[in-house]
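*Asks:* need coordinates for the following:
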Amino acid sequence: MPEQELKSVYLIAGSDRPKVERAVERLRAHFDPDAVERLSTIDTSGEEAVAACNTLGLFGGGSRLIVVEGIERWKADDAKVLADYLRSPTPETVLALVGEEVKKDAALAKACAKAGDVLIYDAPRRNLSAWVAEQFARVGAKAEPEACRMLVDLVGEDLVDLASEVDKLVTWADGDEIRSADVEALVAPRAETPPWTLTDAWARRDTAGVLAACERSLTSGDRTASALVWLFADHVALVRSCRAFAREGVPVAEAAKRLRKKEYPVRKAYSQAEAFSDAELDSAVMRLAAVDLAVKGGSRLPDDLELERALVEITRPRSGPARSAASR
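*Replies:* Residues are numbered from 1 along each chain as shown. Predicted coordinates:
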């Protein structure tokens, strides 16, 4: 975009911080570095930002860019001062207002839309793995869907952190497709492992998945071995109860009321109950009780080893597939 096409003001905001930062960098590329001034609303009011716009550059004429970070902190009075300024902005001065949560119908956003441009980049609230895949595709890199999901599992929901790891993986891959094994080997886990990652892997009879989720929780310090035993025992007890309800023909909604739980986890437990026999669930309860004692000082083995051995035992199928609980 030629310099003469630049507008007087750009409001660049949203929860997708990497996109916001790239947009700011694209704007900065139109200016000489000495013609860019960065301010923060931590110590800059609306009046001071306007004063900066009205001040001549160090060497007199020429285009200037004033970047103000953190505009979500400004109050109504600050927004009003900026709106008044934007009715007659300083020629050859471009104002970039950068923030996070800024609504398009806010007074400041409306004033910016009249005098310039409003760019809102919001991250998806769900399916962050698709966002990660988009970051790989943006730079022409290929990544397996499972690699994208694993990156989110390991890093968490911080988009700046995820974007940084994407850049590292792209550099390392050097044109090759990025696989889940690469992510697992190169990315240090630091996200809290959701409890359902562990229990879902158990319900799938995915021993490797159970052990990986357990290791991530213990390594990151999210939970102790004792806490994981309690979490798992509570979930197995829920699945066991739901299996009994299903056999009696009790609807999910009614079971949720009796168990005093939300309907979604109960519905999920109904589905998971079909993967196990009564004997397997009874055995799992007893095995988890034994490992609970072991990790509380009842064993000389390390707590993580005791837990992992128990998880392997209750995850592996004992025989053929269990019949549906409702059919028994």
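*Asks:* please make it C-alpha for all contacts and neighbour counts, starting now.
*Replies:* OK.
*Asks:* and the helices in the stretch 51-200 of the chain?
*Replies:* 76-86, 107-115, 128-138, 145-155, 159-173, 180-186, 195-203 (DSSP state H, counting those that start in this stretch).
*Asks:* dump these into a markdown table; add mean neighbour count as well.
*Replies:* Shown next, in a markdown table, are these (neighbours: other CA atoms under 10 Å):
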| stretch | mean neighbour count |
| --- | --- |
| helix 76-86 | 18 |
| helix 107-115 | 19 |
| helix 128-138 | 17 |
| helix 145-155 | 20 |
| helix 159-173 | 17 |
| helix 180-186 | 14 |
| helix 195-203 | 19 |
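*Asks:* now distance to residue 25 and mean pLDDT too, for those, in a markdown table please.
*Replies:* Shown next, in a markdown table, are these (distance: least, CA to CA, whole Å; pLDDT from 0 to 100):
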| stretch | distance to residue 25 | mean pLDDT |
| --- | --- | --- |
| helix 76-86 | 23 | 93 |
| helix 107-115 | 19 | 90 |
| helix 128-138 | 16 | 91 |
| helix 145-155 | 25 | 86 |
| helix 159-173 | 15 | 91 |
| helix 180-186 | 28 | 87 |
| helix 195-203 | 38 | 86 |
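*Asks:* give me the phi and psi for the spatially most central residue of the chain.
*Replies:* Centrality entry for the chain: nearest residue to the mean C-alpha point is residue 157, 1.8 Å, by CA atoms, centre = their mean. Per-residue torsions, residue 157: phi -100, psi 0 (degrees, to the nearest 10).
*Asks:* before we move on, the earlier item: I'd like the helices of the stretch 51-200 of the chain as JSON lines, with distance to residue 246 appended.
*Replies:* Below are the helices of the stretch 51-200 of the chain laid out as JSON lines (distance: least, CA to CA, whole Å):
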{"stretch": "helix 76-86", "distance to residue 246": "57"}
{"stretch": "helix 107-115", "distance to residue 246": "54"}
{"stretch": "helix 128-138", "distance to residue 246": "34"}
{"stretch": "helix 145-155", "distance to residue 246": "32"}
{"stretch": "helix 159-173", "distance to residue 246": "41"}
{"stretch": "helix 180-186", "distance to residue 246": "37"}
{"stretch": "helix 195-203", "distance to residue 246": "17"}
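*Asks:* and of those, who's closest to residue 316?
*Replies:* Closest approach to residue 316 among the helices of the stretch 51-200 of the chain is made by helix 195-203 (8.7 Å; CA to CA).
*Asks:* quick one, the closest one and helix 145-155 angle?
*Replies:* Helix 195-203 and helix 145-155 are oriented at 130 degrees to each other (axes from the mean of the first three to the mean of the last three CA atoms, to 10 degrees).
*Asks:* which residues touch helix 195-203?
*Replies:* 207, 209-210, 213-214, 231-232, 235, 272, 275, 315 (CA atoms under 8 Å, 6 or more residues apart in numbering).
*Asks:* same thing but 6 Å
*Replies:* Applying CA atoms under 6 Å, 6 or more residues apart in numbering, the contact partners of helix 195-203 are 209-210, 213, 272, 315.
*Asks:* same check, this time on stretch 286-296
*Replies:* residue 303.
*Asks:* so for it, what gets flagged as buried?
*Replies:* 287-288, 291-292, 294-295 (16 or more other CA atoms under 10 Å).
*Asks:* out of those residues, list just those in helices.
*Replies:* Of the positions in the buried residues of stretch 286-296, 287-288, 291-292 sit in helices, assigned by DSSP state H.
*Asks:* the buried residues of stretch 286-296: which two are farthest apart?
*Replies:* Checking the buried residues of stretch 286-296 with CA to CA, the most distant pair is 287 and 295, at 12.4 Å.
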